[in-house]
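J.: Dropping the sequence and predicted coords here.
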Amino acid sequence: MRFEGKHILVGISGGIAAYKTAGMVSHLRQLGAEVRCIMTAHATKLISPITFGELSGYPVATGMFDGITNFDIRHIALASWADIFVIAPATANIIGKIASGIADDMLSTTAIATTSPILLIPAMNTHMYENVVVQENLKKLKDRGYLLVEPEIGHLACNVTGKGRFPSEDKIFTTIDQVLNGKSRLQGKRVLITAGGTKEKIDPVRYIGNRSSGKMGYAIAQAAIREKGLVHIISCNPHLKVPVGASVEYVETAEELKQAIDLQYMNYDVVIMAAAVADYKPVKSALQKIKKEELNKLSLALESTSDILLNLGQKKQHQFLVGFAAETTNVIENGKKKLIRKNLDMLIANDVSGTNSGFDVDNNKATILLQNGSMYTYPCMKKEKLGDIIIEHLIENI
Ligand code: PMT
């Protein structure tokens, strides 16, 4: 996720979670955003404006009349500068003021003056959050198009456990990403993505597997979420961080993957098979761990797994079906053959002959092949970037 060149205005009102906003401002800058901060008077009692000034790299606006430069009235200047205005933490007080049109300080006045999207991050004591007035104010704002990331349930500064905790940065950044970088082009579309390498059991501790990490599938998922796709991941790797906004289920073997997909195939608009599925599995897997002494006489009989993608292509109805091909030679030729044989709409042919692209690394090198014969070759790049490109091609052709 990148926010290069984006203008993010952060409003900090007087909640104890203001210290978390400091971390958020720093991370937004690390992701390439330009950040400016406005603090309410109460917020400055909890954390110094110097902190936000240092972290954003720009003086913090605290008062209505403390910075008129070049006749640029600051609440207007900041209001029109912002691509998005994130109010974090948003206290019951500031939520109430915005909902009622009160503009009596820099933050509330800027909220009224801006035409950019406003994202509220409420964080407060549970009883305050659940208070009917606060809930009515939030509803009023949501109905008017204000964005909201709900607080989480957890331990609060007031030493109780309940709803009101400042949400994870991942959740906040996913919403910012959708607003600034997405165009909602997959809104309402159900997208199924498989990721990672299957493991075929030899015995309870050994398996035949491959080096697929799942990173490519997860990068595509992130790009689809940015476009507001309803993303479900079937993953063979339980250790990867799941993108906020995606649901996930875990499988191990090719057979489990097949069963999981078959159950839900008809419910999806888009299916992307980024998983590296085993082509062979042991005919029998031992119930007990095979002893070292048995190894001399051990031979492993293998049988084919079912080709899940081939099967999906055969029974395709409304789905847009995307396959991958991991190849070390004749990448495009082999990719074209798979596109046709498996009845796909799009195929990503990966050149996995090198060590710095493909399996279990952060980069991938791909040629995108479309059913209509078009072909797009890309240099080796970060999987996040390639995920964006794959989703762009998908949107153009869906
Ligand atoms: O997971 P990463 O570490 O990020 O690495 C990404 C990747 C290199 C694994 C990924 O980009 C990729 O190329 N995935 C597909 C790997 C693969 O299995 O390729 P294949 O050419 O063997 O299979 C062709 C297609 O058929 C694939 O979409 C595969 O999911 C599918 N297949 C294969 C075998 C099988 N039994 N059933 C299948 O559905």
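T.: Sure thing, it's come through.

J.: In a helix, I340, correct?
T.: Yes: when classified by DSSP: H, G, I helix; E, B strand; the rest coil, I340 is found to be part of a helix.

J.: Show me where the stretch 251-398 of the chain has its strands.
T.: 270-273, 280-282, 302-304, 320-327, 346-351, 363-364, 366-370, 375-377, 381-382 (DSSP state E, counting those that start in this stretch).

J.: will you turn the ones you listed into a markdown table that also has mean neighbour count?
T.: The way it works is simple: take the backbone N, C-alpha and C, and place the C-beta from them, glycine included. Shown next, in a markdown table, are the strands of the stretch 251-398 of the chain (neighbours: other C-beta atoms under 10 Å):
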| stretch | mean neighbour count |
| --- | --- |
| strand 270-273 | 26 |
| strand 280-282 | 17 |
| strand 302-304 | 11 |
| strand 320-327 | 23 |
| strand 346-351 | 25 |
| strand 363-364 | 22 |
| strand 366-370 | 22 |
| strand 375-377 | 13 |
| strand 381-382 | 14 |
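
J.: Can you tell me which of those strands is nearest to A246?
T.: Distance to A246, taken as C-beta to C-beta, is lowest for strand 270-273 among the strands of the stretch 251-398 of the chain, at 12.3 Å.

J.: Format the strands of the stretch 251-398 of the chain as CSV; extra columns: distance to the ligand and mean pLDDT.
T.: Putting the strands of the stretch 251-398 of the chain into CSV (distance: least, C-beta to the nearest ligand atom, whole Å; pLDDT from 0 to 100) gives the following:
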stretch, distance to the ligand, mean pLDDT
strand 270-273, 4, 98
strand 280-282, 9, 97
strand 302-304, 8, 97
strand 320-327, 3, 97
strand 346-351, 4, 96
strand 363-364, 6, 96
strand 366-370, 7, 97
strand 375-377, 15, 97
strand 381-382, 11, 96
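
J.: K163: which of these is closest?
T.: Between K163 and the strands of the stretch 251-398 of the chain, the shortest gap by C-beta to C-beta is with strand 270-273, which sits at 33.9 Å.

J.: can you give me the helices in the stretch 51-200 of the chain?
T.: In the stretch 51-200 of the chain, helices defined by DSSP state H, counting those that start in this stretch lie at 74-81, 92-100, 106-113, 126-130, 132-143, 169-181, listed in chain order.

J.: what's the most buried one of the ones you listed?
T.: For these, average neighbour numbers computed from mean count of other C-beta atoms under 10 Å are highest in helix 106-113, which has a mean of 23.

J.: Select, out of the helices of the stretch 51-200 of the chain, the one closest to I202.
T.: Evaluated with C-beta to C-beta, these place helix 169-181 nearest to I202, the distance being 37.1 Å.

J.: okay, and for this protein, where does confidence drop off?
T.: Residues of the chain that meet the criterion pLDDT under 70 lie in 66-75.

J.: let's go with 50 and repeat that
T.: In the predicted model, the chain carries pLDDT under 50 at residues 68-71.

J.: Please list the residues of it that sit near the ligand.
T.: 196, 212-216, 254, 273-277, 279, 305, 307-309, 323-326, 338, 350, 352, 358-360, 364, 383 (C-beta under 6 Å from any ligand atom).

J.: Residues touching stretch 207-216, excluding its own?
T.: Contacts of stretch 207-216 with the rest of the structure, by C-beta atoms under 8 Å, 6 or more residues apart in numbering, involve 195-202, 235-237, 240, 274-276, 278, 280-282, 324, 359-360, 362, 364, 383, 386-387.

J.: can we see that at 6 Å?
T.: 195-197, 199-201, 235, 237, 240, 274, 276, 359-360, 364, 383 (C-beta atoms under 6 Å, 6 or more residues apart in numbering).

J.: The strands of the stretch 251-398 of the chain into CSV, with extra columns for distance to A43?
T.: CSV is the format used below for the strands of the stretch 251-398 of the chain (distance: least, C-beta to C-beta, whole Å):
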stretch, distance to A43
strand 270-273, 44
strand 280-282, 59
strand 302-304, 63
strand 320-327, 47
strand 346-351, 47
strand 363-364, 42
strand 366-370, 47
strand 375-377, 49
strand 381-382, 37
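
J.: List the contacts of stretch 262-279.
T.: In this structure, residues lying in contact with stretch 262-279 by C-beta under 6 Å, 6+ apart are 189-198, 200, 210, 212, 216-217, 220, 254, 305, 309, 319-324.

J.: Output that stretch as CSV - backbone C-alpha positions only.
T.: In CSV, the C-alpha atoms belonging to stretch 262-279 read as follows (Å, rounded to 0.1, in the frame of the first residue of the first chain):
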residue,chain,number,x,y,z
ASP,A,262,-16.1,-26.7,-5.5
LEU,A,263,-18.4,-25.8,-2.6
GLN,A,264,-18.4,-22.1,-3.5
TYR,A,265,-17.4,-21.8,-7.2
MET,A,266,-20.9,-20.8,-8.4
ASN,A,267,-21.1,-18.0,-5.8
TYR,A,268,-18.1,-16.1,-7.2
ASP,A,269,-17.8,-13.6,-10.1
VAL,A,270,-14.0,-13.9,-10.3
VAL,A,271,-11.7,-16.9,-9.4
ILE,A,272,-8.0,-16.4,-9.3
MET,A,273,-5.8,-19.5,-9.0
ALA,A,274,-2.5,-18.2,-7.7
ALA,A,275,-1.9,-21.3,-5.6
ALA,A,276,0.8,-23.7,-6.6
VAL,A,277,-1.1,-27.0,-6.5
ALA,A,278,0.8,-30.3,-6.4
ASP,A,279,0.5,-32.3,-9.6
